[in-house]
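*Asks:* any chance you could fold what I've pasted below:
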Amino acid sequence: MNRSSDRSPARLNLEHLKKQAKELIRLYRRQAPEAYARFRSTLPAATGRSDAAIAALDLRLHDAQSCVARDLGFASWPELRRYVEAQLPLGKSKDDRMRRWLQLVYAGDVDGTADRANPRVAARMLAEDPDLAADDPYLACAIGDEDKVRQAAANDPSWVNRPGGPLKLPPLVAVTHSSLLQLPEFRARLHRCARLLLQAGADPDQHISSRWPPGSLEKPDDQNPLSALYGAAGRNHDLELTNLLLEAGANPNDNESLYHSLEGFVTTGALLAHGARIAGTNAMYKVLDGENVAALELLLKHGGDPNEPAGTAPLTDCGSPLMWAIRRRRSRRCIATLLDAGADPHVRTPDGLGAYRFALQFGLTDVADLLRERSGAETLPDEERFVAACASGDAREARRIQAERPDLPGALSAPQLRLLPELAAAGADDGVRLMVSLGWPIAVRGGDWDGSALNHAVFRGNAGLTRFLLEHGAQWTEQHGFGDNASGSLSWASCNEPVEGGDWAGCAQALLDHGMPRATPDPNDPEWVLVAGRRKLFSDEVRDVLLGDAA
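*Replies:* Now for the predicted structure:
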């Protein structure tokens, strides 16, 4: 397992690296001491552990891939993969390489792709090839080259407000949207460039139109402007740069910055302090997508309306922040914060369901107790008591009600039946398993992207629930709202890992064990495979499971 010859960037080959990882995991499964030693020296989870303890970790291919990546100086296998994919064959022009590099510096809404930025890989490429950003003042803005930016502003004062460069960006936008702001070694120099541009007369409200598909670099989406402030506050969550722009007069009400600042919460207070408007931004709903009571309290302190009507679907299905918080299964403390700020405990969904009953539908018995204290008790019909017992995992009560009402769950309404995929999307496994065991229609669709419970379980990498659903009649062909089936959910989720610790390889095996056909290699591209005739991309680990002996 000599790795010294593989460390040169010029020698990196993705297929060779994959084979290295597979060989490492093969040796690990054979209990080879050299495999234990390599994991011990490279993988954080194995550091300092004995051979027996490392064996007990039940490491998998993605762990071996992590070792390969770390040995080469990358933080993860996805970073190594992105780096290799950004390289170009010999003979390609510098412009081609520069465009690949810019797709690492900027997110897809700026560069016109569907990719995320990757600042660490961008920085590594720049260190290996400093000429990538040479001779172009707009690229100097991307990396924080203060001398070149100063020179460009001095040579032509109007340049500071003129879009240009490969991505047609105004200079200040090029600075604030650069993902290199996330790296300490670039942050201060990018701040200096922003300050220099503002002092030279750059408009603090510089903006572009989104290039995110269906928009493009050539035909941007003018309905979705992206300001310089959004880059600082909503994309990079950079407090110093956000304050610099706000103090220079940037408009905090750009319809993006406040909403996206809540993803990091670092810049939210600065935006509010400078007059960011909460109403109409959906910020009161966005903050409830996660359990961040401090952020919720901050919005309420600055005038956030705990009864603000929802502006867009699927928020309108709930009708108020309180109901959205219940649907998102927020804590009793979070719900109490809304109620203490004046949220109406008597609010109802468009279907007429009150907050107390709505909380029970989602299995939130502690929240329901709180709402009963605030609004009084309500008598529940059998159907709602049955749903509440199922959602909270109370098998004894659910079976008692079903014994008295054998037409349940068949007599439930469509919104009640959709709770099965809703709870699967929320990771409420006990409720899902109980519902299915009591005869819930297993293919019913719901959740934010209108998928079946199986699609949501696969999306979360929940292999145990995936197998349970398949064993109880779920089919891999069940559709979701993006026009695909469970194999499509597996494809997107295995590549993007939306849930930490998901077992998408386990989901893949469960799907194969219950009727999904094995994948076949795509003859035109070794990275892609065909599943039932449809071309799909999966993570390496999932791809190997799906291909089986053909891997």
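
*Asks:* check contacts around the residue lying farthest from the centre of the chain.
*Replies:* Summary for the chain: using CA atoms, centre = their mean, the residue whose C-alpha lies farthest from the chain's mean C-alpha position is residue 404, with a distance of 43.9 Å. Residues counted as contacts of residue 404 (CB atoms under 8 Å, 6 or more residues apart in numbering) are residue 382. Any C-beta I mention is one placed from the backbone N, CA and C, and that applies to glycine too.

*Asks:* apply 10 Å and report the result again.
*Replies:* By CB atoms under 10 Å, 6 or more residues apart in numbering, residue 404 lies in contact with 382, 386.

*Asks:* quick check: it vs residue 501, distance?
*Replies:* In this structure, residue 404 lies at 41 Å from residue 501, with CB to CB, to the nearest Å as the measure.

*Asks:* then residue 244?
*Replies:* Residue 244 is 38 Å from residue 501, where distance means CB to CB.

*Asks:* and what of residue 267?
*Replies:* When CB to CB is the yardstick, residue 267 and residue 501 sit 29 Å from each other.

*Asks:* between these two, who's got more neighbours?
*Replies:* Between residue 267 and residue 501, counted using other CB atoms under 10 Å, the more crowded position is residue 267 (27 against 7).

*Asks:* so what's residue 354 bridging to?
*Replies:* When bridges are taken as DSSP bridges, the partners of residue 354 come out as residue 348.

*Asks:* quick check, it in contact with residue 319.
*Replies:* No. Between residue 354 and residue 319 no contact is recorded; they are 11.1 Å apart, counting by CB atoms under 10 Å.

*Asks:* what touches both of the two?
*Replies:* Shared between the contact lists of residue 354 and residue 319 (criterion: CB under 10 Å, 6+ apart) are residues 347, 348.

*Asks:* ok, and the closest non-adjacent residue to residue 418?
*Replies:* residue 446 (3.3 Å; CB to CB, 6 or more residues apart in numbering).

*Asks:* who touches that neighbour in this structure?
*Replies:* Contacts of residue 446 (CB under 10 Å, 6+ apart): 314, 414-415, 417-425, 452-453, 456, 481.

*Asks:* pull out the buried members of those.
*Replies:* Buried by 16 or more other CB atoms under 10 Å: 415, 417-425, 452-453, 456, out of the contacts of residue 446.

*Asks:* for the record, mean pLDDT for stretch 487-502?
*Replies:* Rounded to a whole number, the mean pLDDT of stretch 487-502 is 95.

*Asks:* mind listing what's buried along it?
*Replies:* Neighbour counts over stretch 487-502 (16+ other CB under 10 Å) mark 487, 488, 489, 490, 491, 492, 493, 494, 495, 502 as buried.

*Asks:* helix, strand, or coil at the last one?
*Replies:* Translated: residue 502. Here residue 502 is coil, with the state taken from DSSP: H, G, I helix; E, B strand; the rest coil.

*Asks:* contact partners for it?
*Replies:* The neighbours of residue 502, taking CB under 10 Å, 6+ apart as the test, are 458, 459, 460, 461, 462, 463, 493, 494.

*Asks:* farthest-separated two in those residues?
*Replies:* Farthest-apart pair in the contacts of residue 502 is 462 and 494; separation 12.9 Å (CB to CB).

*Asks:* which neighbours do those two have in common?
*Replies:* Where contact means CB under 10 Å, 6+ apart, the residues bridging residue 462 and residue 494 through contact with each are 502, 504, 507.

*Asks:* tell me the one of these nearest residue 21?
*Replies:* Within the shared contacts of residue 462 and residue 494, proximity to residue 21 (CB to CB) peaks at residue 504, which comes in at 16.4 Å.

*Asks:* count of neighbours near residue 79?
*Replies:* Residues within reach of residue 79, counting by other CB under 10 Å, total 18.

*Asks:* quickly note the distance from it to residue 66.
*Replies:* With distances taken as CB to CB, residue 79 is found 10 Å from residue 66.

*Asks:* next: residue 125.
*Replies:* Taken as CB to CB, the spacing of residue 125 relative to residue 66 amounts to 21 Å.

*Asks:* and residue 283, by the same measure?
*Replies:* Relative to residue 66, residue 283 is positioned 37 Å away (CB to CB).

*Asks:* circling back: would you mind giving the shared contacts of residue 462 and residue 494 as CSV with distance to residue 20 added?
*Replies:* Compiled in CSV, the shared contacts of residue 462 and residue 494 are given as follows (distance: CB to CB, whole Å):
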residue, distance to residue 20
502, 24
504, 22
507, 25
